[in-house]
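Peer 1: any chance you can model this:
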Amino acid sequence: MILEIITPEKELYNGTVTSVKVPGSAGEFEILNNHASIVSSLINGNIRVINDNQEELNFNIKSGVIEMQKNKIVILAE
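Peer 2: Next up is the predicted model:
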């Protein structure tokens, strides 16, 4: 999957990943390869990313929106 995490100041991440766990407004959820299309608001918390090298990366956000479509994930975060 391709992941982009963008803030108003800069692009935090742009690359391929195997897993993304986000703090959704209705609860934490994880997106894996071939996940159904989804759009959700995000709340204050941690985005956990597992990249293709199986390294774990963490990004703290205050709020945001996530969209997943055709194995491309875009997160607009604050």
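Peer 1: any idea which helix or strand comes after the longest strand along the chain?
Peer 2: In the chain, with assignment by DSSP state E, the single longest strand is strand 11-24. For strand 11-24, the following helix or strand on the C-terminal side (DSSP states H and E) is strand 27-32.
Peer 1: picking that back up, what does the longest strand of the chain rub up against?
Peer 2: Contact with strand 11-24 is made by 1-6, 28-33, 40-52, 54, 57, 59, 61, 66, 73, 75, 77, as judged by Cβ atoms under 8 Å, 6 or more residues apart in numbering. Glycine gets a C-beta too; all of them are placed from N, C-alpha and C.
Peer 1: list only buried entries from these.
Peer 2: The neighbour-count test (16 or more other Cβ atoms under 10 Å) marks 1, 3, 5, 31, 40, 42, 45, 47-50, 57, 59, 61, 66, 73, 75, 77 as buried among these.
Peer 1: in strands, which of those appear?
Peer 2: Counted as lying in strands by DSSP E, out of the buried ones among the contacts of strand 11-24, are 3, 5, 31, 40, 42, 45, 47-50, 57, 59, 61, 66, 73, 75, 77.
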